[in-house]
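Participant: quick one, fold the following:
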Amino acid sequence: MGGTSVIGETAGTRAADGGDSEAVAALRRVFGYEDFRGEQEAVIEHVVAGGDAVVLMPTGGGKSLCYQIPSLVRPGTGIVISPLIALMQDQVDALRALGVRAGFMNSTQDFDERRTVEAEFLAGELDLLYLAPERLRLESTLGLLSRGKIAVFAIDEAHCVSQWGHDFRPDYLALSLLGERWPDVPRVALTATATHATHREITERLNMPAARHFVASFDRPNIQYRIVPKTDPKKQLLTFLREEHPGDAGIVYCLSRNSVEKTAEFLSRNGVEAVPYHAGLDAGTRAAHQSRFLREEGLVVVATIAFGMGIDKPDVRFVAHLDLPKSVEGYYQETGRAGRDGLPSTAWMAYGLNDVVQQRKLIQSGEGDEAFRRRAQSHLDAMLALCETVQCRRGQLLAYFGQDPEASGCGNCDTCLTPPETWDGTVAAQKALSTVVRLKRERGQKFGAGQIIDILLGKRTAKVIQFDHDQLSVFGIGEELSEGEWRGVVRQLLAQGLLAVEGEYGTLVLTDDSAAVLRREREVPLRKEPKKPTAVKASGGGRGERKPKAAAAELPQALVPAFEALRAWRAEQAREQGVPAYVIFHDATLREIATVWPTSIGQLGSISGVGEKKLMTYGEGVLEVLAGLGGPAGGTEPSSAPAPTAGPASDMGPDDWPEHEPEPDDWI
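Facilitator: Numbers count the residues shown, from 1 in each chain. Below you'll find the model as predicted:
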């Protein structure tokens, strides 16, 4: 059977004495967790029994166990379809560190390496085999699979099948053949981001009508969501990193390759170690930067959306956006790469008027038919609503995915921690709309937001004088607001659909809804622009305030030396083996070791994340580190280990255009 190497001779759905299921036995012995959490056990038992499943579970929610354990306990090899080959080696390394017999086949291997993996698969010597979806187009691959025994098909990142989605991969459309060619092999499709519409599309396109659906909570309570007004984004980012995340690993997303390069250079010049990642870099540079991010601690990657899918680094402490994402799905998936270990993390974004204008322009000028543009517009509208909300930001995010939020708010987003003020912006809206009307009626002209605001403020700029705009009746009628406040007004009018963007120069025009405001038939509530960028008060360790249940993961000061000693030992082990540090142990596991302070192999084996293979490989080394420290500092008594549970997307030049998806060689 697939899991003989790690489960031993306790085969069978239930032990003869009515004890734990084989799945639970695998969880404890291989992964070192005492119990499943959430929907994991139900998914696994269903798939082990031979049923198909569609699983929606947030990043860091433990999706991988939902196919890894069935692959271990069912006869045969689990076949995992994964979209990015660059991460397969790390995924396989992590499984091998647990004692799981894992392999992969992709274009990075030479002939002999592929032949070795093929022979292992045919001999039944693999528990899991990772393949890219493109490989299933090859008849040679299908023929190989037909000659072996398959335990389960796992389709990871299943939202890639959605043609309306943000990570569409054409090769995913062909995966429906798995059910046709191997009707008796269970399939499990997994994703962290899917609306109800995408959920249906996954089911239809993968031809899984009889699949059972499992939808876990989308909430990630350890992530603090914050969106600040954009003034000088690179400097705002630098302040955020220095004050809240010094020395932390994180990801910064930018819209274009050019801004990626400039931001990475700016951070490096100012003492933050950062590397760029985008599809314009050669494959070797991209691979090197991704490898550094996975293996080094404290590195920042500045990237386009070409980076991130499948990244399994658990200790990413922040994800920052310097440009507005195109959709809530994309934003959720990208921010979900932070805090996979359950420790406090931040999703931070700088957002401004130009973001709205730019995204509207991209939709209008982009490829695709009218239906595609309407769908893109609806995605953007939902993203703008999230940015402009005065309610709990997490609640709005959860509601988008069809989950009922807490009525009292989450207490760990900026709108809960520092509730924004609102004001009646009807008169201001009328002034801005009237300026657009005057330019069109009296001069036959259309201009962008900057010129509109200059007219409202009564600024006699060269451009205002050139077009005699200082002679308009609306010139200077908005002096009661500052330039920043007017930019906020225009941004929110765009977000509310009371202004629209037209043409390649991003000129502003009225919409069908504008007339009701001009006729005073509709009020316009607006979010008040803060006088300075929103910040969260700093607390211990230079981090923002967190919810108590997230902050509980922080160590007492007396135990920090032990944690740091364990991290140093882990780093040395990782360097010797050439693997990322988290393959040895996650930070959360090291924190628990420092807290419990085990003095024997038996005690160490009770720690969450310490399975049999890791206990045998690293147990003595961990105990030596602790013994060398002489015992818990400050008289702190070792605590008993808690029961562990299963743990852890105009004048612009080519380089300025956004990347809509990774280049082909990123995933083939």
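Participant: quick one: average pLDDT of stretch 525-543?
Facilitator: Here stretch 525-543 scores 56 as its mean pLDDT.
Participant: where exactly do the strands run in the stretch 301-450 of the chain?
Facilitator: Assigned by DSSP state E, counting those that start in this stretch, the strands in the stretch 301-450 of the chain fall at 318-321, 345-351, 422-424.
Participant: can you give the distance from the shortest one to the centre of its chain?
Facilitator: Read it as strand 422-424. Centroid separation between strand 422-424 and its chain, computed with CA atoms, centre = their mean, to the nearest Å, is 33 Å.
Participant: start the count at 345 instead of 1 going forward.
Facilitator: Let's use 345 as the start, then, which means that last one is strand 766-768.
Participant: quick one: contacts of that strand?
Facilitator: Applying CB atoms under 8 Å, 6 or more residues apart in numbering, the contact partners of strand 766-768 are 734, 867-872. Quick note: C-beta positions are derived from backbone N, CA and C, even for glycine.
Participant: from residue 677, how far out is the nearest residue to residue 732 once chain neighbours are set aside?
Facilitator: Of all residues not flanking residue 732 in the chain, residue 839 sits nearest, at 5.0 Å (CB to CB, 6 or more residues apart in numbering). Residue 839 sits 22 Å away from residue 677, going by CB to CB, to the nearest Å.
Participant: quick revisit: among the strands of the stretch 645-794 of the chain, which is nearest residue 961?
Facilitator: In terms of CB to CB, the element of these nearest to residue 961 is strand 689-695, at 28.8 Å.
Participant: ok, residues contacting the closest one?
Facilitator: With CB under 8 Å, 6+ apart as the criterion, strand 689-695 contacts 566-575, 577, 580-581, 584, 588-589, 660-666, 668, 679, 682-683, 731, 888.
Participant: mind saving the C-alpha coords of that strand as CSV?
Facilitator: What follows is strand 689-695, C-alpha atoms only, in CSV (Å, rounded to 0.1, in the frame of the first residue of the first chain):
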residue,chain,number,x,y,z
SER,A,689,1.1,38.9,10.5
THR,A,690,0.1,42.0,8.5
ALA,A,691,-1.6,42.6,5.2
TRP,A,692,-0.8,46.2,4.4
MET,A,693,-1.8,48.2,1.3
ALA,A,694,-1.2,51.8,0.2
TYR,A,695,-4.1,52.9,-2.0
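Participant: coming back round to it: show me what contacts the residue nearest to residue 732?
Facilitator: Counted by CB under 8 Å, 6+ apart, residue 839 has contacts 700, 725, 728-729, 731-732.
Participant: change it to 10 Å
Facilitator: Contacts for residue 839 (CB atoms under 10 Å, 6 or more residues apart in numbering) come out as 697, 700, 724-725, 727-729, 731-732, 870-871.
Participant: and the pLDDT for residue 963?
Facilitator: On the pLDDT scale, residue 963 gets 93.
Participant: neighbours around the residue nearest to it when sequence neighbours are not counted, how many?
Facilitator: Residue nearest to residue 963 in three dimensions, not counting chain neighbours: residue 945, with 5.0 Å by CB to CB, 6+ apart. Residue 945 sits with 14 neighbouring residues when counted by other CB atoms under 10 Å.
Participant: just to check, residue 945 is in contact with residue 959?
Facilitator: Yes: between residue 945 and residue 959 a contact is recorded at 6.6 Å, counting by CB atoms under 10 Å.
Participant: need the residues touching each of these two.
Facilitator: residue 966.
Participant: please report phi then psi for the closest residue to residue 553 other than its chain neighbours.
Facilitator: Sequence neighbours aside, residue 547 is the residue nearest to residue 553 in space, at 7.0 Å (criterion: CB to CB, 6+ apart). Backbone dihedrals for residue 547, given as degrees, to the nearest 10, come out at phi -60, psi -40.
Participant: my guess is residue 547 meets residue 502, correct?
Facilitator: Yes: using CB under 10 Å, residue 547 makes contact with residue 502 at a distance of 9.5 Å.
Participant: any shared contact partners between these two?
Facilitator: Residues touching both residue 547 and residue 502 (CB under 10 Å, 6+ apart): 398, 533.
Participant: so what's residue 410 up against?
Facilitator: Residues near residue 410 by CB under 10 Å, 6+ apart: 380, 383-388, 390-391, 397, 399, 401, 496, 498, 532, 534, 558, 990.
Participant: need the three-state assignment for it.
Facilitator: When classified by DSSP: H, G, I helix; E, B strand; the rest coil, residue 410 comes out as helix.
Participant: so what's the residue count around the residue lying closest to it once chain neighbours are set aside?
Facilitator: Of all residues not flanking residue 410 in the chain, residue 387 sits nearest, at 4.5 Å (CB to CB, 6+ apart). Here the number of neighbours of residue 387 (other CB under 10 Å) works out to 28.
Participant: residue 387 sits in which helix or strand?
Facilitator: helix 384-392 (DSSP states H and E).
Participant: partner strands of the helix or strand following that helix and their direction?
Facilitator: Remark: after helix 384-392, the chain's next helix or strand is strand 397-400, criterion DSSP H and E. Strand 397-400 has the following strand partners under DSSP bridges: strand 531-535 (parallel), strand 556-559 (parallel).
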